[in-house]
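1. Dropping a prediction and its sequence here:
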Amino acid sequence: SQKIEQNSEALNIQEGKTATLTCNYTNYSPAYLQWYRQDPGRGPVFLLLIRENEKEKRKERLKVTFDTTLKQSLFHITASQPADSATYLCALAASSGYSTLTFGKGTMLLVSP
Amino acid sequence: GAVVSQHPSWVICKSGTSVKIECRSLDFQATTMFWYRQFPKQSLMLMATSNEGSKATYEQGVEKDKFLINHASLTLSTLTVTSAHPEDSSFYICSASPGGNEQFFGPGTRLTVL
């Protein structure tokens, strides 16, 4: 069955460091992958989308990589700040057009001052 | 832009009653709206997909008679939880798509059934 795995343990890092979160998937060939931020008691907020034919995408302090051979995406936040503390979700879509999303459970990031 | 609202943000109801949750796209027309449910420390689980003017498509295991979805216009979809029970207590989140890959999520509605 299709499976999306994100590290269930919280990632604790110090302010200014780079946070790296991992999303692995099995039995899936996604057309694209998205990363979202979710704060407690709130809906997800879209951050980045990367397509199957793209290796890397950047947006300000965020960087996403997509390795379809390893079936893995890495999400990086450089120069992390306490305000970056949240749960980060990866979501996969099966087709390039309209498609439903399948979400991972998310990884909580805690950035300490 | 691309703001999605949900109402109410939280609701507490007695077992056996019905609860309606509204999802609105405030500044764009949503050809498709999605309803998700999220239990604590779990992933968002898609419940159903609705297109304006047509019947919703429900995911496997989601009872369509219990979770009534109405997508009456390009900016409004409603989810009604009928005869709610404590096990229906969850965080319900909608998203709206103007088409293509993008989905914009609402802030969620916390439902507690006593």
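-> Arrived safely.
2. So which residues make contact with the one helix or strand B:Ile93 maps to?
-> Assigned by DSSP states H and E, B:Ile93 belongs to strand B:90-97. Residues outside strand B:90-97 that contact it (CB atoms under 8 Å, 6 or more residues apart in numbering or on different chains): A:41, A:43-44, A:98, B:4, B:6, B:21, B:23, B:25, B:28, B:30-39, B:44, B:77, B:79, B:81, B:103-111. Using the backbone N, CA and C atoms, a C-beta is placed for each residue, glycine as well.
3. Any idea which residue of chain B lies closest to chain A?
-> For chain B, the residue closest to chain A is B:Phe105, as judged by CB to the nearest CB, at 3.8 Å.
4. what about that residue, how many residues close to it?
-> Residues lying near B:Phe105 (other CB atoms under 10 Å in any protein chain shown) number 23.
5. excluding its backbone neighbours, what's nearest B:Ser5?
-> Leaving aside its sequence neighbours, B:Ser5 sits nearest to B:Arg24 (CB to CB, 6 or more residues apart in numbering or on different chains; 5.0 Å).
6. ok, now how distant is that neighbour from B:Ile93?
-> B:Arg24 sits 14 Å away from B:Ile93, going by CB to CB, to the nearest Å.
7. low-scoring pLDDT stretches of chain B, where are they?
-> For chain B, applying pLDDT under 70 flags the ranges B:1.
8. sec struct for the residue minimising distance to the centre of it, please.
-> In chain B, the residue lying closest to the centroid (CA atoms, centre = their mean) is B:Trp35, at 3.7 Å. Here B:Trp35 is strand, with the state taken from DSSP: H, G, I helix; E, B strand; the rest coil.
9. now it, which residues is it bridged with?
-> Per DSSP bridges, the residues bridged to B:Trp35 are B:Ala48, B:Cys94.
10. ok, it touching B:Thr57?
-> No. Applying CB atoms under 8 Å as the test, B:Trp35 and B:Thr57 come out as separate, 10.8 Å apart.
11. I'd like to check which residues are in contact with the closest residue to B:Leu74 other than its chain neighbours.
-> Closest residue to B:Leu74 apart from its sequence neighbours, by CB to CB, 6+ apart: B:Gln29 at 4.0 Å. Taking CB under 8 Å, 6+ apart, we find B:Gln29 in contact with B:Leu74, B:Thr75, B:Pro98.
12. neighbours around whatever residue of chain A ends up closest to chain B, how many?
-> Nearest residue of chain A to chain B: A:Gly43, at 3.8 Å (CB to the nearest CB). Under the neighbour criterion other CB under 10 Å, A:Gly43 is assigned a count of 23.
13. Next, the contact list for it, please.
-> B:Val4, B:Gln6, B:Ile93, B:Ser95, B:Phe105, B:Gly106, B:Pro107, B:Gly108.
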